[in-house]
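Novice: sequence plus predicted model, see below.
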Amino acid sequence: MAHARKTTHSRKTAAGKKTSQRRSTARKSTTRTPKRWSQRVTKESDALDLKRGVFKLTSAKKIAASLKRSAEHSERRKTGAYRSALSMLTFYINRAGKTLPRTQRERLEKAKVELKRAFGRE
């Protein structure tokens, strides 16, 4: 009766010694998936279709304007434009955590205020 073990093969190395090598039963996926789930959420979320690099912009007003434009034109969002834009901005800040540089965090926090102003919710 045959055993249900992974087969082990030997191969010769450049020095002529034999090494054992196991055959892997798992196959690698051919589609490229994001490394982190938060990266996938940012790209594929039903909240918004974001402009590439929106959170890297140099001005809080530009970030807020881009988020507003994306939220208003998005066909995939499930709630109001303001709520979608603010939640995506908050999500980005929270997921970046301690790795987000202080200057960028301050810029993004100012973008929240600008977003409220842009939607007339001061």
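Specialist: That came through, no problem.

Novice: from here on, contacts and neighbour counts on C-alpha atoms
Specialist: Fine.

Novice: what count of nearby residues applies to residue 105?
Specialist: 19 (other CA atoms under 10 Å).

Novice: show me what counts as buried in the helix or strand containing it.
Specialist: If you go by DSSP states H and E, residue 105 is part of helix 102-118. Buried residues in helix 102-118, counted by 16 or more other CA atoms under 10 Å: 104-105, 107-116, 118.

Novice: what sits up against that helix?
Specialist: With contacts defined as CA atoms under 8 Å, 6 or more residues apart in numbering, helix 102-118 is touched by 55-56, 58-61, 63-65, 67-68, 82, 86, 89, 93, 122.

Novice: can we see that at 7 Å?
Specialist: 60, 61, 63, 64, 86, 122 (CA atoms under 7 Å, 6 or more residues apart in numbering).

Novice: how about low-confidence regions in the protein?
Specialist: Within the chain, the segments meeting pLDDT under 70 span 1-34, 37-38, 41-48.

Novice: where do the helices of it begin and end?
Specialist: 37-44, 60-73, 81-96, 102-118 (DSSP state H).

Novice: what's the spacing between the spatially closest residue to residue 119 that is not a sequence neighbour and residue 103?
Specialist: Spatial nearest neighbour of residue 119, chain neighbours left out: residue 82 (6.6 Å); criterion: CA to CA, 6 or more residues apart in numbering. Noted for residue 82: a distance of 24 Å to residue 103, by CA to CA, to the nearest Å.

Novice: same question, residue 122
Specialist: 24 Å.

Novice: ditto for residue 91
Specialist: 18 Å.

Novice: ditto for residue 88
Specialist: To residue 103, residue 88 is 19 Å away according to CA to CA.

Novice: please apply the same query to residue 53.
Specialist: As defined by CA to CA, residue 53 lies at a distance of 16 Å from residue 103.
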